[in-house]
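structure, please.
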Amino acid sequence: MENRANIPLGEQFAATMDWWRDAGVDCVFTDEVAPLLREEEERPAAVRPTRKEAEVEAPPEPAIRAVDLPADLAGFRDWWVGPDNPFAFGSGVKIAPVGTKGAPLMVLVPMPEAEDRDTLLSGPQGRLTCNILRAIGIDPNLTYFASALPSHAALPDWDDLNRQGLGTVLSHHLRLAEPQRLLVFGSKLPALFGHDSSARVETFTSTGEIATLATFAPDRLLDHARQRARLWKRLCQWTA
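This next block holds a predicted model:
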């Protein structure tokens, strides 16, 4: 065996490469395999993608736009229960909002109750809502009642409805009704007005220039006494 001192650096490097080649190691194993011993000129040119990147799908056209909606409250109510409203689902009866423009409070619920036929919130959810209003000193007869959907529906996809333009419709309705305050029942509804969907449910905020309090939907409040107690505390702070 040859044993020399002062071996030139080039020979040392070549000997090292020969040793690794004889050992069968020709790659550096990292997250991405890379050639170790291949000569620079042998490396293939960078492979360009042959397939086009998938085009970003354009968002669907909303089913309704603000310019398509009636410009007065009476006309909007007729449209709401008419055949041109694209947000009526299932076989439920379409129920119109009730109340007068400029009411001290507007109550917005997700949808009519399953039992509603002529009047919005004519069942147990309506009794709960009216009892809440009376407890904080608000006359239900002076309140504007509305729903986010015109008819009762099972498990609506609120995000998809928002993409279709439901938020635009509700904002337009709010502008026409001009209430002094807005009480929103339903954890999914604030996002329809552009509020942060990750915010806590019982939140003071504003929709346009209108002071707003959001809480859980009436059917959930009926089933959870603790949430009713939380709502009562928030209402006392809101109306103080």
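
show me how the chain divides into domains.
Domain assignment for the chain by automatic domain parsing gives 9-42, 69-239.

just name the most buried of those.
Of all the domains of the chain, domain 69-239 carries the top mean neighbour count, a mean of 17, counting by mean count of other Cβ atoms under 10 Å. C-beta coordinates here come from the backbone N, C-alpha and C atoms, glycine included.

still on that earlier bit, for the domains of the chain, give me JSON lines that also has mean pLDDT and distance to Glu61.
Converted to JSON lines, those look like this (pLDDT from 0 to 100; distance: least, Cβ to Cβ, whole Å):
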{"stretch": "domain 9-42", "mean pLDDT": "63", "distance to Glu61": "43"}
{"stretch": "domain 69-239", "mean pLDDT": "92", "distance to Glu61": "9"}
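
Ala63: which of those is closest?
Taking Cβ to Cβ, domain 69-239 is the member of those nearest to Ala63, at 4.3 Å.

check contacts around Asp139.
Listed by Cβ atoms under 8 Å, 6 or more residues apart in numbering, the contact set of Asp139 reads Leu133.

next one: it from Leu105, what distance?
Distance of Asp139 to Leu105, given as Cβ to Cβ, to the nearest Å: 9 Å.

who touches both of the two?
Leu133.

can you pull out the helices in this protein?
Along the chain, counting by DSSP state H, helices occupy 9-22, 73-80, 124-135, 158-163, 166-177, 218-223, 225-239.

would you put the C-alpha positions of stretch 8-18 in CSV?
These are the backbone C-alpha positions of stretch 8-18, laid out as CSV (Å, rounded to 0.1, in the frame of the first residue of the first chain):
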residue,chain,number,x,y,z
PRO,A,8,-2.0,17.0,-3.3
LEU,A,9,-5.5,18.2,-2.4
GLY,A,10,-6.8,17.2,-5.8
GLU,A,11,-5.6,13.6,-5.4
GLN,A,12,-7.1,13.5,-1.9
PHE,A,13,-10.5,14.6,-3.2
ALA,A,14,-10.4,12.1,-6.1
ALA,A,15,-9.5,9.3,-3.7
THR,A,16,-12.4,10.3,-1.5
MET,A,17,-14.8,10.2,-4.4
ASP,A,18,-13.4,6.7,-5.4
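
just to revisit the earlier point, adding distance to Ala63, write the domains of the chain out as a markdown table.
Formatted as a markdown table, the domains of the chain follow (distance: least, Cβ to Cβ, whole Å):
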| stretch | distance to Ala63 |
| --- | --- |
| domain 9-42 | 47 |
| domain 69-239 | 4 |
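
quick one: closest of the helices of the chain to Lys188.
The nearest among those, by Cβ to Cβ, is helix 158-163 at 4.1 Å.

pretty sure Ala66 contacts Leu174?
No. Using Cβ atoms under 8 Å, Ala66 is not in contact with Leu174; the gap is 11.7 Å.

what sits against Ala191?
158-159, 162, 167, 197.

which single one of the residues you listed is nearest to Arg234?
Looking across the contacts of Ala191 and measuring by Cβ to Cβ, the closest to Arg234 is Ser197, at 18.8 Å.

hmm, back to that, now for the contacts of Ala191, which pair is the farthest apart?
Gly167 and Ser197 (11.5 Å).

I'd like to know how far Pro110 sits from Arg220.
For Pro110, the distance to Arg220 - Cβ to Cβ - is 10 Å.

which residues touch Gly99?
By Cβ under 8 Å, 6+ apart, the contact set of Gly99 is 106, 142-146, 177.

could I get those residues as TSV with distance to Ser206?
Listed next are the contacts of Gly99 as TSV, based on distance: Cβ to Cβ, whole Å:
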residue	distance to Ser206
Met106	13
Leu142	21
Thr143	19
Tyr144	17
Phe145	20
Ala146	18
Ala177	15
